[in-house]
Every structure is written in C-alpha cells, then in structure tokens.
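# just coords:
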C-alpha cells in the first residue's frame, strides 16, 4: 500500500510518498513559487533526484505534475 501525504503552503507544495508494510519513504519532493511564471520542482524517488522548472499556475496543476513525475 502507498500513501501520498501533501503539505500545501502559501506558494509551495511539499509531499512524501510512504510505502507500507515496509514503512519507508518511497518518494519525496516539493514545488515552489506556485502561481508565478517559473516554479522550480524537485522529486527524489528510488534514490534518484530529478528537478526542473515550469509554470505551475495553481495547486491542481502542481498535484498533476507530481503525479506525472512519480
């Protein structure tokens, strides 16, 4: 089972993806400056970190982005 926990801030979205029953963090990351022209993002999964920057106009787009990257 996997559980995605999201923590939205005023202009950021941080998350962790937990995997059970192993009780480990499968992935984690953040998207910053949501609503601005360029929103940097970073995701670490399976020991590999990826990052980029793109326009993320709102939190719905941010969640879609992180799900697509996962």
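Yes, it's here. The model shown is predicted, which means the values in this text are computed figures rather than measured ones.

# so where does residue 50 fall, helix or strand?
For residue 50, the element it lies in under DSSP states H and E is strand 48-54.

# any idea how far that strand is from the chain center?
What separates the centre of strand 48-54 from the centre of its chain is 10 Å, taken as CA atoms, centre = their mean, to the nearest Å.

# so what secondary structure elements neighbour it?
Under the contact definition 3 or more CB pairs under 8 Å, 6 or more residues apart in numbering; DSSP states H and E, strand 48-54 sits against strand 39-45. For every residue, glycine as well, the C-beta is placed using N, CA and C.

# Could you pull out the helices in the chain for me?
Listed in chain order, the helices of the chain (DSSP state H) span residues 59-69.

# which residues are in contact with the strand holding residue 50?
The contact list for strand 48-54, computed with CB atoms under 8 Å, 6 or more residues apart in numbering, reads 38-44, 65, 69.

# Just the buried ones from those residues?
When burial is judged by neighbour count using 16 or more other CB atoms under 10 Å, the buried members of these are 39, 41-44, 65, 69.

# in the protein, which ranges drop under the pLDDT threshold?
Segments of the chain classed as low confidence (criterion: pLDDT under 70) are not present in this model.

# mind checking how far the residue nearest to residue 70 when sequence neighbours are not counted is from residue 53?
Taking CB to CB, 6 or more residues apart in numbering, and ignoring the residues beside it in sequence, residue 70 has residue 27 as its nearest neighbour in space, at 5.9 Å. Taking CB to CB, to the nearest Å as the measure, residue 27 and residue 53 are separated by 19 Å.

# Who has more neighbours out of those two?
Neighbours of residue 27 and residue 53, each counted by other CB atoms under 10 Å, are more numerous for residue 27; the result is 19 against 14.

# what's near enough to touch that one?
Residue 27 makes contact with 15-17, 43-46, 70, according to CB under 8 Å, 6+ apart.

# re earlier: bridging residues for the residue nearest to residue 70?
Judged by DSSP bridges, the bridge partners of residue 27 are residue 17, residue 45.

# any idea how far the residue of the chain most remote from its centre is from residue 5?
The outermost residue of the chain, judged against the average C-alpha position, is residue 21 (22.0 Å), by CA atoms, centre = their mean. Plainly put, residue 21 is 17 Å away from residue 5 if you go by CB to CB.
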